[in-house]
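A.B. asks: Generate coordinates for the sequence data below:
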Amino acid sequence: MASRAVRTFTAAATVAAGVALKNGRSTAFLAANMQPDQVAQALIGVEDEWQAQTSLFIECNSTSADSDSLVDCHAAPKAFEKSCKTVVQAMLQGSSGDRDSVHEYLNDVCSQSVMDGWHASQCHSFAKSIDAIMTGSAYENRVSLNTAGLCTRYWSQFLSSETLRRQQEEEASGIAEAKRAEAAKAKAAEEEAKSKAEEAAKAEEAKAKAAQEAAEKEEASTKMAAEKNNAAEDAKVSSVLAAAEQEEAKAKDESEKAKLQTEKAKADQTEENTTAEVLAANSTLVKGQNATLAK
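C.D. replies: Here you go, the predicted model:
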């Protein structure tokens, strides 16, 4: 904490010296590089500490609301007020209480390029708060200005601003988280759909393959049955042909036998006829001989 106090006091002294320079009463500060850009850089550090103090206060209140915390949450605003009063008093002394000098110088400081959006906004807000309580009397500003009231009000203002900023950041973070969750959900759904599509394609492919195999099996079975039927038909035809051939051979054999029998019968008849003719001739001859003998 000591280093912070020293840094804050140094920044306040730098501001005071810069105001004096702007008021034209001490050109020696120019050689000491007490330029607005240097003071702006110093104020950035002071504002960062004020932001840290408000963050500490917000977190402290949030923690103490949930448990019996022994941490003194008022330490942060007290440190803020002390730092604020040091800066304001240094500027008032450095400007000899001249309101216009403080106004012009702080506007110059807050407009420096080193001031980013948030720091510049807080700088202008602080300058406006100081300008609001200063009077046209340089003496009153130096001697009786209510710097404690200024810093108390500015603490409330700074705290409200930081609370709102944190809420907006948290909301933005929540929106971003929701978007990430939605993107993750969409990606998961896409992957699931892709997986289902691949599974369906595989199932369809397996179904087509099974159907093809069944068709091939059916074709093979039909072909086998046809071949078997053809073989049976061929066997039947062969059997019929064999039977026909047997019948034909039998008929031929019978025909041959009949022919042989016919030829034998014819030969026997011829032989019988020849025998009869011989017998008849012999009988005639015998009759002739007998007749001759009878004469």
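A.B. asks: Could you check the pLDDT of residue 127?
C.D. replies: Residue 127 carries a pLDDT score of 92 in this model.
A.B. asks: quick one, what contacts it?
C.D. replies: Under the criterion of C-beta atoms under 8 Å, 6 or more residues apart in numbering, the contact partners of residue 127 comprise 102-103, 106-107, 109-110. From N, CA and C alone the C-beta is placed, and that goes for glycine too.
A.B. asks: Could you dump these into a markdown table with distance to residue 265, secondary structure and pLDDT added?
C.D. replies: Rendered in a markdown table, the data for these read as follows (distance: C-beta to C-beta, whole Å; DSSP: H, G, I helix; E, B strand; the rest coil; pLDDT from 0 to 100):
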| residue | distance to residue 265 | secondary structure | pLDDT |
| --- | --- | --- | --- |
| 102 | 169 | helix | 86 |
| 103 | 167 | helix | 88 |
| 106 | 163 | helix | 88 |
| 107 | 162 | helix | 90 |
| 109 | 160 | helix | 89 |
| 110 | 157 | helix | 92 |
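A.B. asks: Taking those together, which two end up most distant?
C.D. replies: In those, two members sit farther apart than any others by C-beta to C-beta. They are 102 and 110, at 12.0 Å.
A.B. asks: more neighbours, these two?
C.D. replies: The residue with the greater number of neighbours, taking residue 102 and residue 110 and applying other C-beta atoms under 10 Å, is residue 102; the counts read 25 against 22.
A.B. asks: ok, for the more buried one, nearest residue in space, not its chain neighbours?
C.D. replies: On the basis of C-beta to C-beta, 6 or more residues apart in numbering, the spatially nearest residue to residue 102 that is not a chain neighbour turns out to be residue 95, at 4.9 Å.
A.B. asks: Was I right to think the one you found contacts residue 106?
C.D. replies: No - counting by C-beta atoms under 8 Å, residue 95 does not reach residue 106; the two are 9.8 Å apart.
A.B. asks: any idea how far the most centrally placed residue in the chain is from residue 156?
C.D. replies: When the chain is reduced to its mean C-alpha position, the closest residue under C-alpha atoms, centre = their mean turns out to be residue 187, at 3.2 Å. Noted for residue 187: a distance of 46 Å to residue 156, by C-beta to C-beta, to the nearest Å.
A.B. asks: Residue 253 now?
C.D. replies: Here the distance between residue 253 and residue 156 works out to 140 Å (C-beta to C-beta).
A.B. asks: Mind listing what's buried along stretch 120-131?
C.D. replies: Judged by neighbour count (16 or more other C-beta atoms under 10 Å), stretch 120-131 contains these buried residues: 120, 122-127, 129-130.
A.B. asks: from the chain's centre, how far out does it sit?
C.D. replies: Between the centre of stretch 120-131 and the centre of its chain there are 48 Å (C-alpha atoms, centre = their mean, to the nearest Å).
A.B. asks: helices and strands around the top helix by length along the chain, which ones?
C.D. replies: What stands out as the longest helix in the chain, according to DSSP state H, is helix 147-294. Of the remaining helices and strands, those touching helix 147-294 by 3 or more C-beta pairs under 8 Å, 6 or more residues apart in numbering; DSSP states H and E are helix 36-66, helix 75-95, helix 117-133.
A.B. asks: Could I get the ones you listed in JSON lines, plus columns for distance to residue 216?
C.D. replies: What follows is those, written out as JSON lines (distance: least, C-beta to C-beta, whole Å):
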{"stretch": "helix 36-66", "distance to residue 216": "74"}
{"stretch": "helix 75-95", "distance to residue 216": "84"}
{"stretch": "helix 117-133", "distance to residue 216": "75"}
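A.B. asks: gap between residue 189 and residue 182?
C.D. replies: Counting by C-beta to C-beta, the gap from residue 189 to residue 182 is 10 Å.
A.B. asks: I should have written residue 57 there, sorry.
C.D. replies: When C-beta to C-beta is applied, the distance between residue 57 and residue 182 equals 35 Å.
A.B. asks: Then residue 286?
C.D. replies: Shown here: residue 286 relative to residue 182, a distance of 149 Å by C-beta to C-beta.
A.B. asks: Of residue 57 and residue 182, which one has the most company?
C.D. replies: residue 57 (21 against 10).
A.B. asks: give the contact list for the closest residue to the more buried one other than its chain neighbours.
C.D. replies: The shortest distance from residue 57 to any non-neighbouring residue, by C-beta to C-beta, 6+ apart, is to residue 76 (3.9 Å). Neighbour list for residue 76: 53-54, 56-57, 60 [criterion: C-beta under 8 Å, 6+ apart].
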